[in-house]
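*Asks:* no sequence for this one, just the structure:
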């Protein structure tokens, strides 16, 4: 069972500045030094330290939905892997453009749903045209958009990056629907499903983190049930990509400037095309400015003997492309096994440039169409109180809500009942790929039509 968190002693109705908030946060964290997994403890912060956002709303991977909608466009396996990687580098845009934050802990059975209207305008990735262009046939490079670089020293002369979505798109859009449910409380696990039927595309997985305070930073790793994001291309014989998350660190706690850094490996595999990508996020040193460097390789691999875990282990004869850059800025790629920096700038193609991008807005159900255990309604009282700076009221509402959840758990225990998710078949799964129930499918089918009604479903 999870333990209750230590309480912080402060007058909640006296607004704190950022420095005071950080001191309070540190005083709480120090009590957890040596705890194996902060996420399992599910400690509760004072309302002044919380971001007024439900965890299930905050924790998703479609910060740039147009990058997701473009996956599977190309007929070439290498190009499709590059489309997946372009999406991968946009999924954490919220951390690049905003500060790390602590949303509300999710309640068992809580769920969130939304749509995105993604512009269908991502540049087409066509490496055959790139090869032809490098051979002098520039007319065949129509899929490569020239980057207009004003000032600075560009890493590349061409860009295949997605562009910022317009507030009011005038071109064609693709609707993407999203459903997530808190399927387990101990350990805290949520299942998610992303549906884009117009593109024959879906993604799913379990979200669970393991967190440990080291004394100077918080290390966040995927939990045992989090095997990554699974993206399936239905129109390509259900070609599936598994995207495994790296560990990250929340640092800058004692400097008063929280930031996310990554010093680990991430992996993207596709058994059907027999292509694999290794991404090495290079940890910054203690001194100097953060570089946020990443380098990567795409190579041919044997799914039955997947034993290459480091870039240096991959023989040049298997390499089809290399990547490099800064994951919070711009990442480029080159074709073939030669080191990336040995290519002239005009041969280094930008796969993603995060600088002009911001997190895309979600379309959520109107309040009257939401269920009582839907995230925005469930936590609405807490959110309203925080936004109006009534922090003691926010804490009281949060405590009442959490006590109701504990009472429901006690009631199930008295009746010897096992809780089951509503929208997903299983609370957790060793395969890492949750299946939708009929109710889950109905919710997403209605969302695709812009119908937020839950009548006849729950």
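*Replies:* Thanks, I have the structure now. Computed from a prediction, not measured in an experiment: that's the story for all the values here. Numbers count the residues shown, from 1 in each chain.
*Asks:* measure stretch 367-380 end to end?
*Replies:* Taking CA to CA, to the nearest Å as the measure, stretch 367-380 stretches 10 Å from start to finish.
*Asks:* and that stretch, average pLDDT?
*Replies:* For stretch 367-380, mean pLDDT is 97.
*Asks:* Name the surrounding residues that touch it.
*Replies:* With CB atoms under 8 Å, 6 or more residues apart in numbering as the test, stretch 367-380 has contacts from 54-57, 104, 106-107, 109-113, 364-365, 383, 401, 452-454, 458. All C-beta spots, glycine's among them, are computed from the backbone N, C-alpha and C.
*Asks:* any idea which strand is longest in the chain?
*Replies:* Longest strand in the chain, counting residues (DSSP state E): strand 173-184.
*Asks:* helices and strands around that strand, which ones?
*Replies:* helix 55-58, helix 65-69, strand 111-119, strand 189-196, helix 438-448 (3 or more CB pairs under 8 Å, 6 or more residues apart in numbering; DSSP states H and E).
*Asks:* so what's residue 229 up against?
*Replies:* Per CB under 8 Å, 6+ apart, neighbours of residue 229: 61, 91, 203-205, 242-243, 245.
*Asks:* could you measure it against residue 352, distance?
*Replies:* Using CB to CB, to the nearest Å, we find residue 229 at a distance of 16 Å from residue 352.
*Asks:* Residue 277 now?
*Replies:* Taking CB to CB, one finds residue 277 at 14 Å from residue 352.
*Asks:* what angle sits between the longest strand of the chain and strand 189-196?
*Replies:* 160 degrees (axes from the mean of the first three to the mean of the last three CA atoms, to 10 degrees).
*Asks:* quick check, distance from strand 173-184 to the centre of its chain.
*Replies:* Put simply, strand 173-184 sits 13 Å off its chain's centre (CA atoms, centre = their mean, to the nearest Å).
*Asks:* now swap in stretch 371-384 and tell me
*Replies:* Using CA atoms, centre = their mean, the offset of stretch 371-384 from its chain centre is 22 Å.
*Asks:* From start to finish, how long is it in a straight line?
*Replies:* End-to-end distance of stretch 371-384: 18 Å, with CA to CA as the criterion.
*Asks:* what does stretch 227-242 give?
*Replies:* Length of stretch 227-242, first residue to last, CA to CA: 8 Å.
*Asks:* for that stretch, which positions count as buried?
*Replies:* By neighbour count on 16 or more other CB atoms under 10 Å, the buried set for stretch 227-242 is 227-233, 236, 239-242.
*Asks:* Also stretch 101-108?
*Replies:* 102-108.
*Asks:* Okay, now the sheet partners of the longest strand of the chain, with direction.
*Replies:* Strand pairing for strand 173-184, using DSSP bridges, gives strand 111-119 (antiparallel), strand 189-196 (antiparallel).
*Asks:* all helices in this structure, in order from the N-terminus.
*Replies:* 18-29, 38-41, 55-58, 65-69, 77-88, 93-97, 127-134, 375-378, 380-387, 391-414, 438-448 (DSSP state H).
*Asks:* got a list of contacts for the fourth one?
*Replies:* What it means is helix 65-69. Helix 65-69 is contacted by residues 61-62, 86-87, 90, 116-122, 162-163, 165, 174, 176, 194, 196, 199, 201, 203, 352, 360 when judged by CB under 8 Å, 6+ apart.
*Asks:* Would you mind identifying the helix or strand in the protein with the lowest mean pLDDT?
*Replies:* Ranked by mean pLDDT, DSSP states H and E, the helix or strand of the chain with the weakest confidence is strand 145-146, at a mean of 44.
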